[in-house]
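# how does the following fold in three dimensions:
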Amino acid sequence: MFPIKKDGTGNNWGKGQVEGRTLNGTKINWDTREIGISPVPKHRLWLLIEVFTIEWYNNVYIYEGDSTYMSGSNTLCNYPYPIYVSSKLYVGQIASTLLDYERLLSNPGIAPIHWKDSCIGSELSLHQLSPYIGKLKSCIASDLVDKYSKRGDLVIDPFSGSGTIALEAAIKGRRVFVADISPYSKVLSKAKLSAPSSLGRALDRADRVLEYAEKRKNPDLRIVPSWVRKFFNSKTLKEAIKFSLVCQELDENFLLACFLGILHHQRPGFLSYPSSHLVPYLRNKKFPCKNYPELYQYRSLRPRIMAKIKRAYRRFPADISSSSWEFRQSSIQHLSLPNSIDCIITSPPYMNTLNYGRDNRLRLWFLDPCGKRKVDNPVTQSQEVFQSAIVTMAKKIESALKSYKYCIIVVGETALQHKRILLSRIICRIFNDFAPSLRLISLIRDDIPDIRRARKDCRGTKAEHILVFRKI
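As a prediction, this is how the structure comes out:
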């Protein structure tokens, strides 16, 4: 932030443009430039190019445009997220990152046309090991890696999710450092980065693990939660539990990811009774047992896991085994980043629109049948924790990113009933305050078509904003 210039030069308002103006009946005094008015009426403010703010002493922050403002409680009316405010601010203070954001938001870059097309039939099959709700499209990740990094660069993603960015960076010859708090993300990310170099090797490893699991003593299904038992034939469930445990003991993440990918669906190649694929819900009303008895019979694990592995090698990268990569299971708050980073590409978890614990509950149970770990990411559920995570990330990026290098953040914007919540604006304000050396140079809007939605009722995330920062 920098203060208003009294001579009126440059991009800031001078004395003649501020002195004597009134706000809610109170005249602004140039010498002190402090205001103490509450509440503030909802209206479009008159400051610089109709896009920015009035801020005042030890109180509140007023925003333009969306008819949102703050009261002395530091909470935006009609906007349920706390905002970081300084203890003393003056009329006319301008934050460059936020000015850039408002300018770019009014005329965003257009996403490439091919981002809207399905890439299921063209992307690497490793991207399809197992479904992951809210994951970034591989073609978007590929384009971002190509444009903002070069071969040999260190690319990091502190919110790895399904490992899409990690895999695209690795196959393009970048060094990769990724992290996530989720055990499911850990399995998927490591599976994609450490897949056997050939189909033959993958099948041999699967055969050995299956033989080892088949010799194990059958688990006692009486201690398995009833909601889990409802999804499977009892014989199938015993095989699934033994295979999952052996994969985890041997650190066989690729085989474990393939297993999680065939855990539930109504198709014959999957293990469960008829259910949805992305989110585990039984479809016994649509497919009642009395009408579809074949869908409720024993389903052998061995042929299905072998078929899944073969599908994973349909479109396999030429050489990924030589890639340098590291995964850490950690929250951003406890994550130590490398000291010299060439590029950051990440997509933070969507806030208040996705419930990762609920939507992945069956896969997460197989990863932790004893329930020792929390199944959800608090960043997706808590407003305060989300903002705290972004603040922490901004501080760490500020110190670790090389000069003139890029930080790209893919933000899922939400449309919740009558509230317009722009997470990208929250992120830009945080970066303005905690990563001042990063300037926002580009904003790309990517509207999400209905076909890409996890839920077809068209609520929640309606678009993504790709924020491109460059360290100056």
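
# going by C-alpha atoms from here, please, whenever you check contacts or count neighbours.
Will do.

# show me the contacts for the nearest residue to Asp153 once chain neighbours are set aside.
Spatial nearest neighbour of Asp153, excluding adjacent residues (C-alpha to C-alpha, 6 or more residues apart in numbering): Arg174 at 5.2 Å. By C-alpha atoms under 8 Å, 6 or more residues apart in numbering, Arg174 lies in contact with 150-155, 323-324.

# now do Cys247
Cys247 is in contact with 209, 253, 255-256, counting by C-alpha under 8 Å, 6+ apart.

# name the SS class of it, please.
Three-state call for Cys247 (DSSP: H, G, I helix; E, B strand; the rest coil): helix.

# what about it, distance to Glu211?
12 Å (C-alpha to C-alpha, to the nearest Å).

# Arg439: which element?
For Arg439, the host element (DSSP states H and E) is strand 438-447.

# and the following helix or strand past that strand with strand 438-447, angle?
Where DSSP H and E defines the elements, the next helix or strand beyond strand 438-447 is strand 460-471. With axes from the mean of the first three to the mean of the last three C-alpha atoms, to 10 degrees as the basis, strand 460-471 and strand 438-447 are set at 150 degrees to each other.

# residues making contact with strand 460-471?
Contacts of strand 460-471 (C-alpha under 8 Å, 6+ apart): 353, 401-416, 424, 437-449.

# now, of those, which are buried?
Among these, those classed as buried by neighbour count (16 or more other C-alpha atoms under 10 Å) are 353, 401-403, 405-415, 424, 437-440, 442-448.

# from the chain's centroid, how far away is the lengthiest strand in the chain?
In the chain, with assignment by DSSP state E, the single longest strand is strand 401-416. Relative to the centre of its chain, strand 401-416 is centred 11 Å away, using C-alpha atoms, centre = their mean, to the nearest Å.

# what mean pLDDT does it get?
Mean pLDDT, strand 401-416: 87.

# try stretch 220-238
97.

# got it, and stretch 439-450?
87.

# which parts of the stretch 301-450 of the chain are helices?
Taking DSSP state H, counting those that start in this stretch to define them, one finds helices in the stretch 301-450 of the chain at 301-312, 356-359, 361-367, 383-400, 423-434.

# next, the buried residues of the longest one.
By neighbour count with 16+ other C-alpha under 10 Å, helix 383-400 contains the buried residues 383, 385-398.

# quick one on the thing from earlier: mind giving me the packing neighbours of the longest strand of the chain?
Here strand 401-416 touches helix 138-148, strand 341-346, strand 419-421, helix 423-434, strand 460-471, going by 3 or more C-alpha pairs under 8 Å, 6 or more residues apart in numbering; DSSP states H and E.

# now do the end-to-end distance for stretch 228-242.
15 Å.

# quick one: buried residues of that stretch?
So for stretch 228-242, counting by 16+ other C-alpha under 10 Å, buried means 231-233, 236-242.

# I'd like the distance between Arg267 and Asp153.
Looking at Arg267 against Asp153, where the rule is C-alpha to C-alpha, the gap reads 42 Å.

# where do the strands sit along this structure?
Taking DSSP E as the criterion, the chain carries its strands at 22-23, 26-27, 54-55, 61-62, 109-110, 154-157, 175-180, 325-329, 341-346, 401-416, 419-421, 438-447, 460-471.

# which sections of the stretch 251-400 of the chain are below the confidence cut-off?
321-322, 351-354, 372-381 (pLDDT under 70).

# if we go to 80?
Along the stretch 251-400 of the chain, segments meeting pLDDT under 80 span 318-323, 350-355, 371-383.

# same check on the stretch 51-200 of the chain?
51-96.

# now with 90?
Scanning the stretch 51-200 of the chain for pLDDT under 90 picks out the ranges 51-99, 102, 116-118, 133-135.

# so which residues of it form helices?
Under the criterion DSSP H, counting those that start in this stretch, helices of the stretch 51-200 of the chain are mapped to 96-106, 138-148, 164-171, 183-193, 199-214.

# of those, which approaches Leu126 most closely?
Of all the helices of the stretch 51-200 of the chain, helix 183-193 sits nearest to Leu126, with 6.0 Å by C-alpha to C-alpha.

# just want the angle from that closest one to strand 175-180.
Orientation check (the same axes, to 10 degrees): helix 183-193 against strand 175-180 gives 160 degrees.

# contacting residues around stretch 227-237?
Outside stretch 227-237, the residues touching it (C-alpha under 8 Å, 6+ apart) are 221, 264, 271-273, 275, 282, 296-301, 362.

# should've said stretch 148-156
The contact list for stretch 148-156 (C-alpha under 8 Å, 6+ apart) reads 166, 169, 172-178, 341-346, 405-406.

# next one: it to chain centre, how far?
Taking C-alpha atoms, centre = their mean, one finds stretch 148-156 lying 20 Å from the centre of the chain it belongs to.

# list the buried residues in it.
148-150, 152-156.

# with respect to Leu335, which of those residues is nearest?
Nearest to Leu335 among those is Ile156, at 11.9 Å by C-alpha to C-alpha.

# contact partners for Ile344?
Taking C-alpha under 8 Å, 6+ apart, we find Ile344 in contact with 155-157, 406-409.

# mind putting the residues you listed in JSON lines, distance to Arg429 included?
Shown next, in JSON lines, are the contacts of Ile344 (distance: C-alpha to C-alpha, whole Å):
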{"residue": "Val155", "distance to Arg429": "24"}
{"residue": "Ile156", "distance to Arg429": "22"}
{"residue": "Asp157", "distance to Arg429": "21"}
{"residue": "Tyr406", "distance to Arg429": "18"}
{"residue": "Cys407", "distance to Arg429": "15"}
{"residue": "Ile408", "distance to Arg429": "15"}
{"residue": "Ile409", "distance to Arg429": "14"}
